[in-house]
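1. I would like to see how this sequence folds:
(one chain, ligands or ions: 5)
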Amino acid sequence: MHFVSILFISNFWLVSSKQVVISNVIPRLDVDGNFVNAHDGCLVKFDNTYFMYGTVYGECHQSTTICDGVCGYINNTFALYTSPDLVNWTLINNNIVPEVTKDNYYINYWMPNVGYNHRTKQYVMIYWSSRYGFKNSLVALAVASTPFGPFVNVQPLEMQGGKTISDTTNLFVDDDNTAYVRYNTRDEPLRHVVEKLSPDWMTTTGQFSIIFEKEDFPWYDGGGMFKQKGIYYTMLSFDCCFCQWGSDARVFSATEILGNWTYHGQLNYCADGRGPPEHVTDMTINPCSIDDPFGTNFTVPAQQFNVATLQISSEETLHMYYGERFRSSKDGLKAHDFQAWIPIKFIGTCLQPLLFLDNFTLNIDVELAT
Ligand SMILES: *[C@@H]1O[C@H](CO)[C@@H](O)[C@H](O)[C@H]1NC(C)=O
Ligand SMILES: *[C@@H]1O[C@H](CO)[C@@H](O)[C@H](O)[C@H]1NC(C)=O
Ligand SMILES: *[C@@H]1O[C@H](CO)[C@@H](O)[C@H](O)[C@H]1NC(C)=O
Ligand SMILES: *[C@@H]1O[C@H](CO)[C@@H](O)[C@H](O)[C@H]1NC(C)=O
Ligand SMILES: *[C@@H]1O[C@H](CO)[C@@H](O)[C@H](O)[C@H]1NC(C)=O
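-> Ligands and ions are numbered 1, 2, ... in the order given. I've put the predicted structure just below:
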């Protein structure tokens with residue numbers, strides 16, 4: 001790692017620019033040398049520290065090319081790791097919502113997303129729980145007074161844009177501190193909805209917009225929402241239940257978040273350069289190789305869960321695809337599966353197709369010890 005000799009004061013911190021290399025092929029270890037086990041969650045920056053919240057998967061073997069209903073399902077907790085530079089990670093807590101251990105032997109927990117509400121000075125987490133998902137329109141909500149938790153459950157959000165939440169939820173916080181939840185619905189037509197929360201984020205306003213709706217398979221899972229130059233983007237993808245081939249990245253955009261959403265384009269083609277088909281019959285099928293689950297994968301062979309928006313320096317806001325590469329670990333343990341972090345590139349307002357990068361370099365501002 002090279003230090004560049006630029007020193008400046010930013011927000012009262014003494015900051016210097018540092019070049020870091022992010023690898024997608026070398027296991028991400030924490031400062032104690034253990035695998036970072038925080039999956040399908042979010043990567044956010046509070047003050048000058050990066051926070052990774054994610055699901056702790058068991059040290060189990062997923063027996064099939066898609067989810068087996070046990071490995072990665074049972075006994076999940078949520079972990080928090082922090083880093084000053086996106087490379088050096090410290091485990092803070094591997095059970096940051098302690099209440100989940102009361103029932104995680106039969107309730108499934110995934111997708112912790114955390115935001116900071118400047119108005120209430122609260123850190124707010126939404127997450128997916130099988131207590132609500134596939135059953136009703138509730139989304140689990142937990143709060144903490146610091147980003148380090150512990151997060152305590154509060155009354156869940158009752159979404160108005162659908163009767164039954166399907167399998168994905170994301171939190172998006174706009175520049176004006178307004179929060180939105182994106183979710184997909186199990187009630188037909190199957191829809192992706194973005195819904196506005198109240199100023200304290202503790203209830204919904206009932207105002208929502210439909211990003212996309214569809215009657216037949218794939219219904220699409222959801223990745224993240226992000227905003228660039230005043231335009232809102234949502235990334236959706238083929239249903240992929242821990243599938244090993246990954247899923248695509250269909251981007252939708254809107255100039256007003258509760259306005260009309262239009263299809264923008266595909267960012268993650270099959271690894272042979274073809275586009276995936278419009279329809280497949282089931283999520284057991286690899287869309288890039290219909291007859292062979294072990295055939296061609298997607299270019300980025302990951303299930304997308306989020307887009308991290310990180311102000312990495314005074315000059316640069318990084319938008320980064322954030323996915324999970326299921327069945328990718330060398331030792332076959334789900335807890336050790338790789339993530340795929342891929343910077344999203346724009347040329348003007350045009351998004352560039354994703355490439356799988358073994359590694360990439362970022363110039364980030366880091367706080368100096370004073
Ligand atoms: C989950 O945890 C319970 C209680 O510790 C244990 O009895 C059970 O074997 C665990 N199940 C799995 C699948 O890890
Ligand atoms: C990693 O970060 C911790 C906490 O900020 C710091 O104490 C440690 O020196 C860092 N290690 C390396 C190798 O940068
Ligand atoms: C959204 O689309 C509908 C139907 O095409 C149109 O009537 C409406 O004016 C649009 N709304 C906005 C805010 O563009
Ligand atoms: C697709 O990804 C899986 C999981 O990482 C891997 O085992 C398999 O070899 C990949 N297939 C191809 C053709 O690259
Ligand atoms: C980054 O990846 C390239 C291409 O695979 C490789 O040549 C290079 O050694 C890697 N650099 C680091 C620091 O891992």
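2. need the contact list for the spatially closest residue to residue 237 that is not a sequence neighbour.
-> Once flanking residues are discounted, residue 237 sits nearest to residue 247: 3.7 Å by C-beta to C-beta, 6 or more residues apart in numbering. The C-beta positions use only the backbone N, C-alpha and C, and glycine is treated the same way. Applying C-beta atoms under 8 Å, 6 or more residues apart in numbering, we find residue 247 in contact with 221, 237, 238, 239, 240, 268, 287, 298, 302, 303, 304.
3. tell me which element residue 247 falls in.
-> Using DSSP states H and E, residue 247 is not contained in any helix or strand.
4. how much space between it and ligand 5?
-> Distance of residue 247 to ligand 5, given as C-beta to the nearest ligand atom, to the nearest Å: 24 Å.
5. Return the member of the contacts of residue 247 nearest to ligand 5.
-> Distance to ligand 5 across the contacts of residue 247 (C-beta to the nearest ligand atom) is lowest for residue 302, with 17.4 Å.
6. excluding its backbone neighbours, what's nearest that closest one?
-> residue 323 (3.1 Å).
7. who's that neighbour bridged to?
-> Counting by DSSP bridges, residue 323 is bridged to residue 304, residue 340.
8. thinking it is in contact with residue 340, fair?
-> Yes - if you go by C-beta atoms under 8 Å, residue 323 and residue 340 touch, sitting 4.5 Å apart.
9. between those two, who's got more neighbours?
-> residue 323 (32 against 24; other C-beta atoms under 10 Å).
10. quick one, what contacts that one?
-> Contacts of residue 323 by C-beta under 8 Å, 6+ apart are 223, 246, 300, 302, 303, 304, 305, 339, 340, 342.
11. Ligand 4 contacts on the stretch 51-200 of the chain?
-> Counting by C-beta under 6 Å from any ligand atom, no residue of the stretch 51-200 of the chain lies close to ligand 4.
12. and the closest residue to ligand 4 within the stretch 51-200 of the chain, how many neighbours does it have?
-> Residue of the stretch 51-200 of the chain nearest ligand 4, by C-beta to the nearest ligand atom: residue 65 (8.3 Å). By other C-beta under 10 Å, 16 other residues sit near residue 65.
13. Mind pulling the model confidence for it?
-> Residue 65 is assigned a predicted lDDT (pLDDT) of 98.
14. Surely it is in contact with residue 295?
-> No - counting by C-beta under 8 Å, residue 65 sits too far from residue 295 to count as a contact (10.9 Å).
15. okay, and the common contacts of these two?
-> When contacts are counted by C-beta under 8 Å, 6+ apart, residue 65 and residue 295 are jointly contacted by residue 286.
16. Point out the residues in the stretch 201-350 of the chain that sit beside ligand 4.
-> 244, 245, 296, 297, 301, 325, 327, 328.
17. would you say the last one is within a strand?
-> No - according to DSSP: H, G, I helix; E, B strand; the rest coil, the state of residue 328 is coil, so it is not within a strand.
18. residue contacts, the residue nearest to it when sequence neighbours are not counted?
-> Excluding the flanking residues, the one nearest residue 328 by C-beta to C-beta, 6+ apart is residue 338, at 4.6 Å. Residue 338 makes contacts with 24, 25, 27, 28, 325, 328, 329, as judged by C-beta under 8 Å, 6+ apart.
19. So which residues on the stretch 251-370 of the chain come close to ligand 5?
-> 358, 359.
20. What separation do you get for the residue nearest to residue 237 and residue 155?
-> In this view, residue 247 and residue 155 are 33 Å apart by C-beta to C-beta, to the nearest Å.
21. circling back: kindly reformat the contacts of residue 247 as CSV and extend each row with neighbour count.
-> Output for those, formatted as CSV (neighbours: other C-beta atoms under 10 Å):
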residue, neighbour count
221, 22
237, 27
238, 28
239, 23
240, 26
268, 31
287, 27
298, 29
302, 34
303, 26
304, 32
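22. Select from those residues every entry located in strands.
-> Assigned to strands by DSSP state E, the following of the contacts of residue 247 qualify: 221, 237, 303, 304.
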